[in-house]
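# return a 3D structure for these sequence lines:
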Amino acid sequence: MSPQDPPPEPPKASAPVPRRRSDHHPLNWLLVVPVVVPLLTVLFNHDGPRIGGFPAFYWMQFAFIPLGVLCTAIVYQAAKRRKGDDR
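Presented below is the predicted three-dimensional model:
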C-alpha cells in the first residue's frame, strides 16, 4: 500500500431486519388496572363494611395486591406464550 492509495473502505453492514415489537398487544393494557383501581377513592371512601375489624380502606388496600399479581401473571403468561409462537 503506497502513501497515495486511499484508505480501504470498511465493509458495509447489511441493514438490520426490523422485528415486530412484542409489546404492542392489547392484553398489556391489563397492567393499567392495578395502577388505576387504587386511585379510584370512591371505592373505599367509607368506613364500612368492616372485615375483621378493619375499615374498608385498609382491607381494600390489601385486596389490591392480589389484583396486581393476577393482572401481572395473566400478561406474563400471555407474553410467554406469544414469545414461544415466534420461534
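
# pLDDT weak spots in the chain?
Low-confidence segments of the chain (pLDDT under 70): 1-3, 19-23, 85-87.

# what residues of the longest helix that the chain contains count as buried?
Longest helix of the chain, by residue count under DSSP state H: helix 56-86. Residues of helix 56-86 classed as buried by neighbour count (16 or more other Cβ atoms under 10 Å): 56, 59, 60, 64, 71, 75. Quick note: C-beta positions are derived from backbone N, CA and C, even for glycine.

# and for stretch 43-57?
44, 56.

# and the contacts of that stretch?
Stretch 43-57 is touched from outside by 37, 59, 60, 61, with contacts defined as Cβ atoms under 8 Å, 6 or more residues apart in numbering.

# can you give me the offset of it from its chain's centre?
Centroid separation between stretch 43-57 and its chain, computed with Cα atoms, centre = their mean, to the nearest Å, is 30 Å.

# distance between the ends of that stretch?
9 Å (Cα to Cα, to the nearest Å).

# let the chain start at 627 from now.
Renumbered: residue one is now 627, and that last one reads stretch 669-683.

# related to what we said a few turns ago, which pair of the buried residues of helix 682-712 spans the longest distance?
The distance between the two most remote of the buried residues of helix 682-712 (Cβ to Cβ) is 27.8 Å, for 682 and 701.

# so residue 708 touches residue 651, yeah?
Yes: Residue 708 is in contact with residue 651 according to Cβ atoms under 8 Å; the separation is 6.8 Å.

# that older thread, in TSV: the buried residues of helix 682-712, plus distance to residue 669.
Converted to TSV, the buried residues of helix 682-712 look like this (distance: Cβ to Cβ, whole Å):
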residue	distance to residue 669
682	8
685	12
686	7
690	9
697	16
701	22
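
# between these, which sits nearest residue 667?
residue 686 (10.3 Å).

# spatially, which residue comes closest to the closest one, not counting chain neighbours?
Once flanking residues are discounted, residue 686 sits nearest to residue 670: 4.3 Å by Cβ to Cβ, 6 or more residues apart in numbering.
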